[in-house]
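1. sequence and predicted structure are below.
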Amino acid sequence: MKTIDRIFEIKKELGEDLLILAHHYQNDDIISTADFVGDSLKLAQYAQKNKRAKYIVFCGVYFMSETADILTEDYQRVLQPAITAGCPMADMADMKQAERAWEIITEELGCDIVPITYVNSKAEVKAFCGNRGGTTVTSGNAARVVDWGLKQNKVILFLPDRNLGRNTAYDLGIPLECMAEYDPRLEKLEYSCKKEDVRIVLWKGHCHVHHNITVKQIEDVRRIHPDAEIIVHPECRFEITRAADGKGSTEYLIDRVKNGKAGSKWVVGTEHNLVKRLKDTYTDKEVYILDTSSVCTNMNKTDAENLLETLEDILKGNFEKQVVVDKTIAQGALRSLETMLSLV
Ligand code: 13P
Ligand code: SF4
């Protein structure tokens, strides 16, 4: 029997005990078997709402499975088919580094801090934020959450994605010179304004898949397709988001193409699986990828074979691929996630 057919057979057998969640960057085989596909925000909300499934199989990367484990009940197990699929950006910040940054920023700026972490982060970093009155943020709610942070009259520590922090704060009216940067490896805070004018400290972390997109690529595309709309993910560098025609979460990118007029042209700066799917789905439009090297190797570790293996394991009562967040860390992380979910 074909792998995909067996997956559907097990899905039928497990019924509502099983929930397969997939991020938009997963390949077509995985998307075809998923019960729900979404961006990080929608996946977190969906996982939190579902109280029926005993087994939640998360086709994505580790921070997403951790988030699902934190938001679900104790009787629900979260399993990840490609258990080694992490996110290099999430690995650019840990709790120790965050604590050190807190000391340095407080000492140098003499200010109160509200920490905001992108959901693309370790559970311990989410706990660090939750335990200090902070929250999490996704690319789908960044403006609302950062605005909430700015209204606290404290300096925001935004981690680990410098680009998302800068792009969002700038849109909310924070001048670039009022944004400091913190390098966790050098333990160094840098800023060019007066220290009392710093509004946000950006952690020097990034996603290589989006960070590597260049302005030259946008200029080239404008020459070749002058009538195309260029839309990018906000993990791209500041210059890229300014040169593009729009930016937003994976959900936003999908909506823009979906709602575009027949015959319209789109150039999309994000992971190739999603762009390929947009091209194959919206055949009445022209869809191109901005940078053909935009491949997230971690998102691509999940395939039909390891998904099937996970499902067969469930039938055998083998939960080796379960993602379990330590209880104490989960408590703090839940606090930060709940604050975010209450804001959207
Ligand atoms: P979204 O939340 O926009 O889906 O992005 C997740 C991600 O990992 C992007 O690199
Ligand atoms: Fe992490 Fe970037 Fe991959 Fe998203 S695309 S999971 S941010 S490495």
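-> Noted; the coordinates are in hand. Because the structure is a prediction, the values reported are computed rather than measured. Ligands and ions are numbered 1, 2, ... in the order given.

2. hey, let's count contacts and neighbours off CA atoms from now on
-> Noted.

3. got the residues of the stretch 51-200 of the chain near ligand 1?
-> Proximity of the stretch 51-200 of the chain to ligand 1 (Cα under 6 Å from any ligand atom) is limited to residues Thr138, Ser139.

4. say whether ligand 2 is contacted by the helix or strand of the chain with the lowest mean pLDDT.
-> Taking mean pLDDT, DSSP states H and E as the measure, the chain has helix 40-49 as its least confident helix or strand, at a mean of 94. No: using Cα under 6 Å from any ligand atom, helix 40-49 never reaches ligand 2; the gap is at least 9.5 Å.

5. would you mind identifying the next helix or strand past that helix?
-> Counting by DSSP states H and E, the next helix or strand C-terminal to helix 40-49 is strand 55-59.

6. could you check how far that next one is from the centre of its chain?
-> Centroid displacement of strand 55-59 relative to its chain, using Cα atoms, centre = their mean, to the nearest Å, is 17 Å.

7. for it, name the packing helices and strands.
-> Here strand 55-59 touches strand 18-23, strand 77-79, going by 3 or more Cα pairs under 8 Å, 6 or more residues apart in numbering; DSSP states H and E.

8. so where do the strands sit in the stretch 51-200 of the chain?
-> Taking DSSP state E, counting those that start in this stretch as the criterion, the stretch 51-200 of the chain carries its strands at 55-59, 77-79, 113-118, 135-137, 155-159, 179-183, 188-190, 200-203.

9. of all those, which one is nearest ligand 2?
-> Among the strands of the stretch 51-200 of the chain, strand 113-118 comes nearest to ligand 2, with 9.7 Å by Cα to the nearest ligand atom.

10. ok so, going back, as a markdown table, the strands of the stretch 51-200 of the chain with distance to ligand 2 and mean pLDDT would be great.
-> Converted to a markdown table, these look like this (distance: least, Cα to the nearest ligand atom, whole Å; pLDDT from 0 to 100):
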| stretch | distance to ligand 2 | mean pLDDT |
| --- | --- | --- |
| strand 55-59 | 11 | 98 |
| strand 77-79 | 17 | 98 |
| strand 113-118 | 10 | 98 |
| strand 135-137 | 13 | 98 |
| strand 155-159 | 12 | 98 |
| strand 179-183 | 19 | 98 |
| strand 188-190 | 24 | 98 |
| strand 200-203 | 14 | 98 |
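
11. just to revisit the earlier point, now do the least confident helix or strand of the chain: everything it contacts.
-> By Cα atoms under 8 Å, 6 or more residues apart in numbering, the residues outside helix 40-49 that reach it are 21-23, 36-37, 64, 67-68, 71-72, 119, 138-141, 341.

12. nearest residue to Asp69 other than its sequence neighbours?
-> Val78 (5.8 Å; Cα to Cα, 6 or more residues apart in numbering).
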